[in-house]
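J.: curious how this folds, go ahead:
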Amino acid sequence: MHAYVWGGEKAEEVLPPAISVPLLRVSQHLEVPPVATYAGLNLWNFLSTTDDFTDLESLESLHTFTGTKDEAWFYLVSVAMEAQGARIITDMLNALESIKSRDYGTITRALDDLSANIRKIGALLERMYEHCDPMVFFYEIRPFLAGSKNMAAAGLPNGIFYDEGNGRGSWQQLRGGSNGQSSLIQFLDIVLGVEHTSEGNSNPHASKTTCQVRTSASSSMFLAW
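T.: Coordinates of the predicted model:
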């Protein structure tokens, strides 16, 4: 679908039934939007020769748009980061349960493990540059990941028309695949009680983001930058 829309000299705003009908059916079955998603590009798009999904050397992408190592590596680093982050989930859920019983030892260990895992996730992210050239990503890979929402400047003022044949179909505006769709960061924010708000949007060069960390029901700590 993305190759059809973005593969020519200009964006195609009508998706023919041969593509849209099976795409819509599969998307409905999987309960995902009919567009490239983080789950489809990364989490469901790899093989591993070992049980350790944090080992980048053991991972292989199943499908890419460009056939480049850069694109495959971009997806696989994300897979490894998610695998590393998965270890945080049970630790932090146990820590939240331990708050009720005031089991401070378990809470402390969980927070120590959380800190260590975040550092490991950061180390995996730093490996992105080993095989993913930023210029290749920006000019050759990223365009194929674009969706149809807010893409008027790219030739899709109304989004994409999913033609289902026989006069049926609908216009849809959907965001494309993005690592911002990962639930890992949102999970960390939730378990740590972090809330993000944006202020001062009238000046795009002087926007202010406030990060509120709720340390308990009766007290709060605020960080602003």
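J.: please parse this structure into its domains.
T.: 2-182, 193-225 (automatic domain parsing).
J.: which stretch in these is the model least sure about?
T.: Here these differ in mean pLDDT, and the lowest is domain 193-225 at a mean of 47.
J.: residues contacting the residue positioned nearest the centre of the chain?
T.: With distances taken as Cα atoms, centre = their mean, the chain has residue 179 as the residue nearest its mean C-alpha position (2.5 Å). Taking Cβ atoms under 8 Å, 6 or more residues apart in numbering, we find residue 179 in contact with 38, 42, 78. Glycine gets a C-beta too; all of them are placed from N, C-alpha and C.
J.: secondary structure, neighbour count and distance to residue 137 for the residues you listed - can I get that in a markdown table?
T.: Below are the contacts of residue 179 laid out as a markdown table (DSSP: H, G, I helix; E, B strand; the rest coil; neighbours: other Cβ atoms under 10 Å; distance: Cβ to Cβ, whole Å):
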| residue | secondary structure | neighbour count | distance to residue 137 |
| --- | --- | --- | --- |
| 38 | helix | 21 | 15 |
| 42 | helix | 22 | 14 |
| 78 | helix | 22 | 12 |
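J.: sorry, back to before: can you list phi and psi of the residue nearest to the centre of the chain for me?
T.: Main-chain dihedrals, residue 179, degrees, to the nearest 10: phi -70, psi -10.
J.: I'd like the numbering to begin with 17 instead of 1 from here.
T.: Shifting the count to begin at 17 puts that one at residue 195.
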